[in-house]
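In: Just the structure for this:
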Amino acid sequence: MLPIAHIASALVVNRVAGLHTGMAPAVAGALLPDAIDKTLAWVLGVVPAARHAGHTPVAVAAFGLAGSALMGKRWGAAFASAYATHLVGDLWRHGHVPWLMPFKRYDVLGERWEVGYDRSTLLLEAIGLATIVVLARQPADSQSP
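Out: Below is the predicted model:
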């Protein structure tokens, strides 16, 4: 999944779960796993894969608790929900998520930085963009999806 679809799916999940607290926690939670792991793998070269420690339930819990402590429980829950939604979204097109890290060792080769622009991915991004536009136009106190 590309960033727009990650953001859109996080916004939808937060709306459905009744965690709508504005777009900030959904956008931050949807983008943070890649910001962490892709930077560590592709820029700094300190982890072997672009889906590593930032793509785990342990990271969801840690960042969700940090968000709750810093921004309040509802914001932290919305952030954690968006973060977890990112991990599920990474299963798109047979993706891999190291669900049991650090409790299980994963032998993962580094992935090349390559974005696939096939029809299904572009369609998903277009639907995601339309979803973001629709949800952004609804007031923050609106609970309708």
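
In: burial count for the closest residue to residue 47 other than its chain neighbours?
Out: Leaving aside its chain neighbours, residue 47 sits nearest to residue 40 (4.5 Å; criterion: CB to CB, 6 or more residues apart in numbering). Where C-beta positions appear, they are placed from N, C-alpha and C, glycine not excepted. Around residue 40 there are 18 other residues, counting by other CB atoms under 10 Å.

In: Return the backbone torsion pair for residue 40.
Out: Dihedral angles of residue 40 (phi, psi; degrees, to the nearest 10) stand at phi -60, psi -40.

In: for residue 29, what are its contacts?
Out: Residues near residue 29 by CB atoms under 8 Å, 6 or more residues apart in numbering: 10, 63, 67, 78, 79, 80, 81, 82, 83, 85, 86.

In: May I ask you to confirm that residue 58 is in contact with residue 100?
Out: No. Judged on CB atoms under 8 Å, residue 58 makes no contact with residue 100 at a distance of 9.4 Å.

In: would you turn the contacts of residue 29 into CSV with distance to residue 117 and secondary structure?
Out: Below are the contacts of residue 29 laid out as CSV (distance: CB to CB, whole Å; DSSP: H, G, I helix; E, B strand; the rest coil):
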residue, distance to residue 117, secondary structure
10, 22, helix
63, 30, helix
67, 33, helix
78, 30, helix
79, 29, helix
80, 31, helix
81, 28, helix
82, 24, helix
83, 26, helix
85, 23, helix
86, 20, helix
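
In: now these: which count as buried?
Out: Using 16 or more other CB atoms under 10 Å as the burial test, the contacts of residue 29 include 10, 63, 67, 78, 79, 80, 81, 82, 83, 85, 86 as buried.

In: how about the helices in the chain?
Out: For the chain, applying DSSP state H gives helices covering 3-16, 24-38, 57-71, 73-89, 119-137.

In: To residue 50, which of the ones you listed lies closest?
Out: helix 24-38 (4.8 Å; CB to CB).

In: List the buried residues in that closest one.
Out: For helix 24-38, the neighbour count (16+ other CB under 10 Å) marks 25-34, 36-38 as buried.

In: Thanks again, I'm all set now.
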